[in-house]
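Participant: missing the sequence, but the structure's below:
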């Protein structure tokens, strides 16, 4: 696993964490990138792919939920993180 998700997250001043927040951000057009953890449930991956299908949003695969949560500076795991424009 490359560490490119970390550089993306470091360069983004604001992040949305969690499926509901990310889907809302995609719908609002406020996200430019979504990072999905490698070990999240398939329905989450499918929901994100469907939401960004016709939008100009980059989709990146990330590390485990625990590592993604730590990178997002929260105390629990994160299945998905969105980076705000």
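Facilitator: Ah, there it is. Predicted model, so just to flag it, every value in this text is computed and none were measured.
Participant: before we move on, which element is the residue nearest to residue 79 when sequence neighbours are not counted in?
Facilitator: Nearest residue to residue 79 in three dimensions, chain neighbours excluded: residue 40, at 3.7 Å (C-beta to C-beta, 6 or more residues apart in numbering). For glycine as for every other residue, the C-beta is placed from the backbone atoms N, C-alpha and C. Assessed by DSSP states H and E, residue 40 sits outside every helix and strand.
Participant: Can you give me the separation between residue 40 and residue 83?
Facilitator: When C-beta to C-beta, to the nearest Å is applied, the distance between residue 40 and residue 83 equals 17 Å.
Participant: neighbour-wise, which of these two wins?
Facilitator: When residue 40 and residue 83 are compared for neighbours, residue 83 comes out ahead with 25 against 19, by other C-beta atoms under 10 Å.
Participant: Pull the contacting residues for that one.
Facilitator: 8, 9, 12, 14, 15, 31, 32, 33, 34, 35 (C-beta atoms under 8 Å, 6 or more residues apart in numbering).
Participant: Of the residues you listed, which is the nearest to residue 55?
Facilitator: residue 31 (8.6 Å; C-beta to C-beta).
Participant: who's the closest one bridged to?
Facilitator: residue 84 (DSSP bridges).
Participant: Surely it touches residue 80?
Facilitator: No: using C-beta atoms under 8 Å, residue 31 makes no contact with residue 80, being 10.5 Å away.
Participant: any common contacting residues for those two?
Facilitator: Joint contacts of residue 31 and residue 80 (C-beta under 8 Å, 6+ apart) are residue 22.
Participant: Give me the phi and psi for residue 36.
Facilitator: phi -110, psi 130 (degrees, to the nearest 10).
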